[in-house]
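K.L.:
One predicted model, sequence on top.
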Amino acid sequence: MQTVSAAGQTAQVGAVIPSFSWSGPGELDLFGQVVATKPQFDGPIRPLLQLTHITIDPQVAQLLRSDDPRQLKLSLSQQLAQGWARYFVWETLIAAGFAVVALIAVAGIRRQSHLTMLKTVGAGLAVVVAVNIGGVLLTASSTPTVLRSVKTLDDLVGADPLAPAAQGSVARPLPGVQAVVIGDSTAAAVGNPVAGNASALDRACGRSSASYAADLAAVNNWNVLNLACSGATIQNGLLGVQVLGDGQVAPAQLNEAEQATRAKVIIVSVGADDVEWSIMTRLCVASAVCNDAVSTAYFNQLLSAFTRSYYQLLGDLASLPGTPAVLVNEYYSPFGQNIGCLARYGLTGAKEKVLLARLGQLNTVLAEGAQVFGFGVADPQFTGHELCTADPYVQGPGDPAPLHPTATGELAIALADQQALPKLQGLTPASAISPAAGTD
């Protein structure tokens, strides 16, 4: 397998086991999940690609958004085609090496002279190389052309199809909405009081009347549509439908947001469920250490997958009708200097450092992506109000939703958003929350 890297994506290129059919798809191994490629290849020998790493940094993202996508196309397509060519060069050299050993052995058995042996080895080697080159040209001649047509790895395997919306769901225009909140349980304010007029879907998603969306609505005199749902990820919640535990299906949040045709701003809180932050935290606390190689590799894989989905989401947000401003929320730190009250649950200072480092990696991806697309970033601060403090903004182990914001924590997030809103192009909030109102 030959390693190639382009556009933030590292892959290995090789060949699948030949089949008896004259044409068909190749294979793409996505972190252990093998799927057929979208393009068809002529010949029984077809490419095998193993995706091993995804990193989308600001430079790559700028390239993805370039007005001249040919740069990206040439970069990835040439790398794939060259990797394919290198694979068969090595295959031919290895075959030639085995042939030389076999031919020398035959010549030795026949007790040929050195000159005759050289002629035998030379002739046999020429035949082996010719057969290999001819076989590749005959059985895989179209592969380089197909690979050169690939712009991204999505062109090879296609996009993950989004689940259809629930039957009977009819898109409704929402012209009276000034702001939309999409995201996960942090934005839903799970664990806080539910409004008396909450719908069945509101209750299933854990949406609270104490959410930062409600705080922003009150201070700006806005109609804020809160579509956030507990457990939502980008693919299963924001871009696609989300199947909830009670059998309900929440429509894709971005599709719902598109109906708010006059919304001034879209606020996004997402990522924790994509990287399984809650599960990783529980595993860390329960384990002797939580920076072991296995859990670290698993987290890095989840973060890479999230990064790719996140940039897909950002691209979709940038193309929303009416071009509303977009504000991305980073995640607050639930732990402070004093974690003594959590010692009995197994949290140590060393484990805290690992968890905060991983949270920092997630926030870095969130901030860099938003900045590349020209979106705003809000960084809620819970300093002095973390777990184990006198007035925590975070729900503790005995609360309905541990590690999630309290009502005051939601207000602190609203403060961070309110302070970031005037910096967004084309957006002037009706009023601002004073710092004292959000921190004490």
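P.N.:
Received, thanks.

K.L.:
tell me the contacts of Ala85?
P.N.:
Residues counted as contacts of Ala85 (C-beta atoms under 8 Å, 6 or more residues apart in numbering) are Pro144. From N, CA and C alone the C-beta is placed, and that goes for glycine too.

K.L.:
Over to it: give its phi and psi.
P.N.:
phi -60, psi -40 (degrees, to the nearest 10).

K.L.:
repeat for Gly183
P.N.:
phi 150, psi -150.

K.L.:
can you check Pro405 too?
P.N.:
phi -70, psi 150.

K.L.:
Grab the nearest non-local neighbour of it.
P.N.:
In space, Pro405 comes closest to Tyr393 once its chain neighbours are excluded; the distance is 5.9 Å by C-beta to C-beta, 6 or more residues apart in numbering.

K.L.:
who touches that neighbour in this structure?
P.N.:
332, 382, 385-386, 405-406, 408-409, 412.

K.L.:
neighbour-wise, which of the residues you listed leads?
P.N.:
Pro405 (30 neighbours; other C-beta atoms under 10 Å).

K.L.:
so that one bridges to which residues?
P.N.:
Val394 (DSSP bridges).

K.L.:
tell me the secondary structure for Leu314?
P.N.:
helix (DSSP: H, G, I helix; E, B strand; the rest coil).

K.L.:
Let me know whether it touches Ala367 as I believe.
P.N.:
No - contact criterion C-beta atoms under 8 Å: Leu314 and Ala367 do not qualify, at 11.9 Å.

K.L.:
Those two: who's more crowded?
P.N.:
A count of neighbours by other C-beta under 10 Å puts Leu314 above the other of Leu314 and Ala367, at 23 against 16.

K.L.:
tell me the pLDDT at that one?
P.N.:
Here, the pLDDT recorded for Leu314 equals 94.

K.L.:
how many neighbours does the residue lying closest to it once chain neighbours are set aside have?
P.N.:
Excluding the flanking residues, the one nearest Leu314 by C-beta to C-beta, 6+ apart is Phe373, at 4.7 Å. Close neighbours of Phe373, defined as other C-beta under 10 Å, add up to 18.

K.L.:
Make 393 the starting number, not 1.
P.N.:
Happy to do that; since the first residue is 393 now, the last one works out to Phe765.

K.L.:
give the contact list for Gln634.
P.N.:
Counted by C-beta under 8 Å, 6+ apart, Gln634 has contacts 621, 623-624, 628, 641-642, 644.

K.L.:
and the longest strand for this structure?
P.N.:
strand 425-434 (DSSP state E).

K.L.:
Quick check, Gly406 in contact with Gln394.
P.N.:
Yes - taking contacts as C-beta under 8 Å, Gly406 lies within contact range of Gln394: 7.0 Å.

K.L.:
what residues do those two have in common as contacts?
P.N.:
With C-beta under 8 Å, 6+ apart, Gly406 and Gln394 have common neighbours Tyr479.

K.L.:
Pick out the residue nearest the middle of the protein.
P.N.:
Geometric centre of the chain, nearest residue: Phe698, 1.9 Å, by C-alpha atoms, centre = their mean.

K.L.:
right, and that one touches Asp666 too?
P.N.:
Yes - when contacts are counted by C-beta under 8 Å, Phe698 is listed as touching Asp666 (4.0 Å).

K.L.:
check contacts around the residue nearest to the centre of the chain.
P.N.:
Counted by C-beta under 8 Å, 6+ apart, Phe698 has contacts 626, 663, 666-667, 754, 757.

K.L.:
is it possible to export those to CSV including neighbour count, distance to Ala678 and secondary structure?
P.N.:
Putting those into CSV (neighbours: other C-beta atoms under 10 Å; distance: C-beta to C-beta, whole Å; DSSP: H, G, I helix; E, B strand; the rest coil) gives the following:
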residue, neighbour count, distance to Ala678, secondary structure
Ile626, 28, 27, coil
Gly663, 27, 23, coil
Asp666, 24, 22, coil
Val667, 25, 18, coil
Leu754, 22, 21, helix
Val757, 23, 26, helix
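
K.L.:
could you dump the residues you listed to CSV with pLDDT and distance to Arg503?
P.N.:
As requested, the contacts of Phe698 are exported to CSV (pLDDT from 0 to 100; distance: C-beta to C-beta, whole Å):
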residue, pLDDT, distance to Arg503
Ile626, 96, 71
Gly663, 95, 72
Asp666, 94, 69
Val667, 93, 68
Leu754, 96, 71
Val757, 95, 68
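
K.L.:
what residues go with each domain of this protein?
P.N.:
The chain breaks down by automatic domain parsing into domains covering 394-549, 571-831.

K.L.:
Any regions of this protein where pLDDT drops low?
P.N.:
397-402, 422-425, 443-469, 529-533, 542-567, 817-832 (pLDDT under 70).

K.L.:
In it, what residue spans correspond to strands?
P.N.:
Using DSSP E, strands in the chain cover 394-398, 401-407, 415-422, 425-434, 439-446, 571-575, 616-618, 634-635, 641-642, 657-661, 717-721, 768-770.

K.L.:
Quickly run through the sheet partners of the third one, with directions.
P.N.:
Taking DSSP bridges as the criterion, strand 415-422 forms sheet pairs with strand 425-434 (antiparallel), strand 439-446 (parallel).

K.L.:
deepest of those strands, which one?
P.N.:
strand 439-446 (a mean of 20; mean count of other C-beta atoms under 10 Å).

K.L.:
Quick check: nearest residue in space to Cys682, chain neighbours excluded?
P.N.:
Closest residue in space to Cys682, ignoring its immediate chain neighbours: Cys676 at 3.3 Å, by C-beta to C-beta, 6+ apart.

K.L.:
How many neighbouring residues does the one you found have?
P.N.:
22.

K.L.:
distance of it from Gln645?
P.N.:
Distance, Cys676 to Gln645, by C-beta to C-beta, to the nearest Å: 29 Å.

K.L.:
And Glu722, by the same measure?
P.N.:
19 Å.

K.L.:
quick one: which of these two has more around it?
P.N.:
Higher neighbour count among Glu722 and Gln645: Gln645, with 31 against 22, using other C-beta under 10 Å.

K.L.:
That one against Asn628, yeah?
P.N.:
No - when contacts are counted by C-beta under 8 Å, Gln645 is not listed as touching Asn628 (10.5 Å).

K.L.:
With only the CA atoms kept, save stretch 481-488 in CSV.
P.N.:
The C-alpha trace of stretch 481-488 is given here as CSV (Å, rounded to 0.1, in the frame of the first residue of the first chain):
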residue,chain,number,x,y,z
VAL,A,481,6.0,-0.2,-9.8
TRP,A,482,6.7,-1.9,-6.5
GLU,A,483,4.6,-4.9,-7.5
THR,A,484,6.6,-5.3,-10.6
LEU,A,485,9.9,-4.9,-8.7
ILE,A,486,8.9,-7.5,-6.1
ALA,A,487,7.8,-9.9,-8.9
ALA,A,488,11.1,-9.4,-10.6
